[in-house]
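S.K.: No sequence on hand, only this structure:
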């Protein structure tokens, strides 16, 4: 019985092997179009637009880019704070193609940290919109207070502008996040924010048991055009908040400083009689200024 069944199975296998293959079905033109349409639908799209990059700047404006900005210009007054932060991102040396003069009397520090500094276009800090446009930027970064005087003419030439401030601790955190979007490196931005906040927390922890705070005066020395002047910062600026975060009491609040540095007299400086005085000087050695002030 088993031998008979085995012979039958072998015979069926041989018959199937020797039979002619089935003819392929003929696809009608209509069916062919249907198949092609299905193949097109299934095939991956290669022409889909890349997702846009939307950056909300310091003025709350949404600036949209179709691709990551690769020709960035940083210029205008107060650009040093921007450059300080921008060059903490590894993408900055390659993508910044032009910048204003980042010097405060002792030279342009960017030349020390950017290997490609020699190939960059150096602009005057009051460069016109046309001079900036000649560099063919796809993004210009400016301080927000320059929006009307500098930024608007640039935007008129259809060049995107992103505004930042970097004037208070809160702005510093926000503006680092903005640069993180610009360079498409938000993890680096968060790393910098965490580093800053950890340092602040460390200082606050060290000062939590301090009962008596010294009175502090911070003065910016300027002798432009030969006229010596001492100024104090606004109460909202980072210089003032640094004094407070470090455990000091700023004495210049009574001077009611405005939106920028406010000039004060030597008589006022003496009247404040601060426990500690800190000198900010960009053009000279601060120790020389301190010596002359003591006289």
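M.R.: Yep, it's here. Not measured: the values here are computed from a predicted model. Numbers count the residues shown, from 1 in each chain.
S.K.: nearest spatial neighbour of residue 131, skipping sequence neighbours?
M.R.: Distances taken as CB to CB, 6 or more residues apart in numbering place residue 123 nearest to residue 131, at 6.4 Å, with adjacent residues excluded. In short, each C-beta sits where N, CA and C put it, glycine included.
S.K.: And for residue 164?
M.R.: Computed as CB to CB, 6+ apart, the closest residue to residue 164 that is not its neighbour in sequence is residue 175, at 4.1 Å.
S.K.: That neighbour and residue 163 touch, don't they?
M.R.: No - assessed by CB atoms under 8 Å, residue 175 is found out of contact with residue 163, at 9.3 Å.
S.K.: residue contacts, the spatially most central residue of the chain?
M.R.: When the chain is reduced to its mean C-alpha position, the nearest residue by CA atoms, centre = their mean turns out to be residue 179, at 1.8 Å. For residue 179, the contacting residues are 85, 86, 89, 164, 189, by CB atoms under 8 Å, 6 or more residues apart in numbering.
S.K.: Where does it fall, secondary structure wise?
M.R.: Assigned by DSSP states H and E, residue 179 falls within helix 169-182.
S.K.: Tell me which other helices or strands the following helix or strand past that helix touches.
M.R.: Counting by DSSP H and E, the next helix or strand C-terminal to helix 169-182 is helix 186-207. With contacts defined as 3 or more CB pairs under 8 Å, 6 or more residues apart in numbering; DSSP states H and E, helix 186-207 has these neighbours: helix 169-182, helix 238-245.
S.K.: Can you mark which positions in stretch 219-236 are buried?
M.R.: 219, 220, 221, 222, 230, 231, 232, 233, 234, 235 (16 or more other CB atoms under 10 Å).
S.K.: For the fifth one, list each beta-bridge partner.
M.R.: Taking DSSP bridges, one finds residue 221, residue 264 as the beta-bridge partners of residue 230.
S.K.: do you know how far it is from residue 243?
M.R.: 16 Å (CB to CB, to the nearest Å).
S.K.: And for the third one?
M.R.: As defined by CB to CB, residue 221 lies at a distance of 17 Å from residue 243.
S.K.: Likewise for the first one?
M.R.: Here residue 219 is placed at a distance of 12 Å from residue 243 (CB to CB).
S.K.: okay, and the common contacts of those two?
M.R.: residue 278.
S.K.: mean confidence score for stretch 181-199?
M.R.: Stretch 181-199 shows a mean pLDDT of 96.
S.K.: next one: stretch 137-146
M.R.: What stretch 137-146 shows for mean pLDDT is 96.
S.K.: For it, which outside residues touch it?
M.R.: By CB under 8 Å, 6+ apart, stretch 137-146 touches 57-59, 65, 69-79, 81-82, 86, 97-98, 132, 150-151, 154, 159-166, 182.
S.K.: So which of the residues you listed are in helices?
M.R.: The helices, defined by DSSP state H, take in 79, 81, 82, 86, 132, 154, 182 from the contacts of stretch 137-146.
S.K.: domains in the protein, as residue ranges please.
M.R.: Following automatic domain parsing, one finds the domains of the chain at 53-204, 215-294.
S.K.: okay, those, which one's buried deepest?
M.R.: A comparison of these by mean neighbour count, using mean count of other CB atoms under 10 Å, puts domain 53-204 on top with a mean of 17.
S.K.: gap between the two ends of that one?
M.R.: Separation of the first and last residues of domain 53-204 by CA to CA, to the nearest Å is 37 Å.
S.K.: what ranges do the strands span in this protein?
M.R.: Taking DSSP state E as the test, the strands found in the chain are 53-56, 62-65, 72-74, 96-100, 121-123, 139-143, 161-164, 215-222, 229-232, 249-250, 262-264, 276-281.
S.K.: okay, and for this structure, where does confidence drop off?
M.R.: Counting by pLDDT under 70, the ranges of the chain that qualify are 1-50, 104-107.
S.K.: now residue 156: how far from residue 59?
M.R.: Counting by CB to CB, the gap from residue 156 to residue 59 is 17 Å.
S.K.: Reformat the helices and strands packed on helix 186-207 as JSON lines; add distance to residue 259.
M.R.: Rendered in JSON lines, the data for those read as follows (distance: least, CB to CB, whole Å):
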{"stretch": "helix 169-182", "distance to residue 259": "14"}
{"stretch": "helix 238-245", "distance to residue 259": "13"}
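S.K.: List the residues that contact residue 88.
M.R.: 188, 192.
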